[in-house]
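> output the structure for:
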Amino acid sequence: MNTLPEFIASLSRPESYPHPVEHVQLIQTHISYVLVAGDFVYKFKKPVDFGFLDFSTLEKRKACCERELLLNKRLCPDIYLNLVGVQKQATTYSLIEGDSDIEYGIQMRRMPENMMMGNVIARKELDRTHIDRIVEVLAPFYRGAESNEEIDSFGTAQSVGVNVLENFDQTASFVDQGALDGKQFQDIKAYAQAVLLDEKLFEDRIKAGRIRDCHGDLYSANICLADKVYIYDCIEFNDRFRYNDVTCDIAFLAMDLDYHGLEDLSNYCIDRFVAHTEDPGVYDLLDFYKCYRAYVRGKIGLFTAADPQVTEEVRQSSLESASRYFDLAHRYTKK
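Numbers count the residues shown, from 1 in each chain. You can find the predicted model right below:
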């Protein structure tokens, strides 16, 4: 396993911060280092380039941090706070406002851990009231979300196909390596290609005005059910993952509920969303987008497991969850 960047190792110590911190928790994803420190959370982007995501230079990482702050203020204006830089003094690193030649990140207000949706699910406390609260936030968000000719162009079968079909290219080398078997790969790919041939399905959604600047990463890991519903961490690194049919967004949340064995709540969520938005067309592409979202989560699990900086525990956990996501994606092709 590779060692952490010096600045991350330094910022993992409580004394590195200008505010009270008793303990720093480091969380890694395939694209980020997240430091939970006292009342705040600091997020730094890894210098990776996956093609669909490019954080390879300091300039690109800074621009994406600025974009992340702007976009997430749509749903969480009181959570996303500031752009921060990193400076080095002797052998230690600290956070600054202004320019940095080392790294940039974002500062967020820490939300209550016990009310993170994933933890509410783990305690088996999630109920219809929570779903109602989420839908009541999402419905007006989508009504007010930007929509124009450029955004509509991302709703065509051809454009959606770019997002969906690239996943198969990106995961081909992982087939039959433990989490994704050859039959799943071929069946899911064939299903996606077949749906994409029905161009009218996608054109109807454009005509209905349902292609919007969405969230792009709408699932339980990015929702907090505290004093109000906080939906955070939208996609900032590539507009084509946010410029979506609203079905693609809400299907992610429904798929996530299915993944956690909450199919009744998943169905309830979609039914309430359709009622609030007066959009029965959601049902026409629901399983297609659920399949797409499950496959993407599986892919991310593969990428995380392949990151040499993650621990063996994280690697194994990522592979196990990836396998479950691919099983779920395959299940949607059979409906």
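
> what helix or strand is residue 108 on?
strand 103-109 (DSSP states H and E).

> for that strand, packing partners?
With contacts defined as 3 or more C-beta pairs under 8 Å, 6 or more residues apart in numbering; DSSP states H and E, strand 103-109 has these neighbours: strand 40-45, helix 58-72, strand 80-89. Placement of C-beta: from N, CA and C, glycine included.

> could you pull out the helices for the stretch 101-250 of the chain?
For the stretch 101-250 of the chain, applying DSSP state H, counting those that start in this stretch gives helices covering 117-122, 128-144, 149-152, 157-171, 182-196, 199-207, 246-259.

> dump those helices to CSV, plus mean neighbour count and mean pLDDT.
Putting those into CSV (neighbours: other C-beta atoms under 10 Å; pLDDT from 0 to 100) gives the following:
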stretch, mean neighbour count, mean pLDDT
helix 117-122, 18, 98
helix 128-144, 16, 98
helix 149-152, 14, 98
helix 157-171, 17, 97
helix 182-196, 16, 98
helix 199-207, 16, 98
helix 246-259, 26, 98
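
> so for residue 304, which of those helices sits nearest?
Across those, residue 304 has its closest neighbour in helix 157-171 (13.1 Å, C-beta to C-beta).

> list the contacts of residue 112.
Neighbouring residues of residue 112 by C-beta atoms under 8 Å, 6 or more residues apart in numbering: 224, 226.

> check what pLDDT it gets.
As summarised for this prediction, residue 112 has a pLDDT of 96.

> can you put the helices of the stretch 101-250 of the chain in a markdown table and add distance to residue 313?
As requested, the helices of the stretch 101-250 of the chain are arranged in a markdown table below (distance: least, C-beta to C-beta, whole Å):
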| stretch | distance to residue 313 |
| --- | --- |
| helix 117-122 | 18 |
| helix 128-144 | 30 |
| helix 149-152 | 41 |
| helix 157-171 | 23 |
| helix 182-196 | 25 |
| helix 199-207 | 41 |
| helix 246-259 | 20 |
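
> residue 72 is nearest to which of those?
So among the helices of the stretch 101-250 of the chain, helix 128-144 is nearest, using C-beta to C-beta, at 12.1 Å.

> tell me what that closest one is packed against?
strand 223-225, strand 229-231, helix 246-259, helix 263-277.

> can you get me a residue count around residue 82?
13 (other C-beta atoms under 10 Å).

> nearest spatial neighbour of it, skipping sequence neighbours?
Of all residues not flanking residue 82 in the chain, residue 107 sits nearest, at 4.6 Å (C-beta to C-beta, 6 or more residues apart in numbering).

> care to break this protein down by domain?
Domain assignment for the chain by automatic domain parsing gives 6-110, 117-332.

> pick the most deeply packed of the ones you listed.
domain 117-332 (a mean of 19; mean count of other C-beta atoms under 10 Å).

> now that one: how far from the chain's centre is it?
Distance, stretch centre to chain centre, for domain 117-332: 9 Å (C-alpha atoms, centre = their mean, to the nearest Å).

> measure that domain end to end?
24 Å (C-alpha to C-alpha, to the nearest Å).

> where does this protein dip in pLDDT?
Along the chain, segments meeting pLDDT under 70 span 1-2.

> tell me the spacing between the residue most central in space within it and residue 304.
Centroid-nearest residue in the chain: residue 217, 3.3 Å away (criterion: C-alpha atoms, centre = their mean). For residue 217, the distance to residue 304 equals 15 Å [C-beta to C-beta, to the nearest Å].

> swap in residue 173?
Residue 173 is 15 Å from residue 304, by C-beta to C-beta.

> equivalent analysis for residue 231, please.
22 Å.

> returning to that earlier point: the residue nearest to residue 82 and residue 37: what is the separation?
10 Å.

> shared neighbours, these two?
With C-beta under 8 Å, 6+ apart, residue 107 and residue 37 have no common neighbours.

> start and end of stretch 273-284, how far apart?
14 Å.

> and residue 51, which of the three is it?
coil (DSSP: H, G, I helix; E, B strand; the rest coil).

> quick one: contacts for the residue nearest to residue 82?
Applying C-beta under 8 Å, 6+ apart, the residues contacting residue 107 are 40, 41, 42, 81, 82, 83, 84, 95.

> any chance of the residues you listed in JSON lines, with distance to residue 149 too?
Below are the contacts of residue 107 laid out as JSON lines (distance: C-beta to C-beta, whole Å):
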{"residue": "40", "distance to residue 149": "40"}
{"residue": "41", "distance to residue 149": "37"}
{"residue": "42", "distance to residue 149": "38"}
{"residue": "81", "distance to residue 149": "34"}
{"residue": "82", "distance to residue 149": "34"}
{"residue": "83", "distance to residue 149": "31"}
{"residue": "84", "distance to residue 149": "37"}
{"residue": "95", "distance to residue 149": "41"}
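
> and the closest residue to residue 220 other than its chain neighbours, how far is that from residue 260?
Spatial nearest neighbour of residue 220, excluding adjacent residues (C-beta to C-beta, 6+ apart): residue 117 at 4.0 Å. Going from residue 117 to residue 260 by C-beta to C-beta gives 10 Å.
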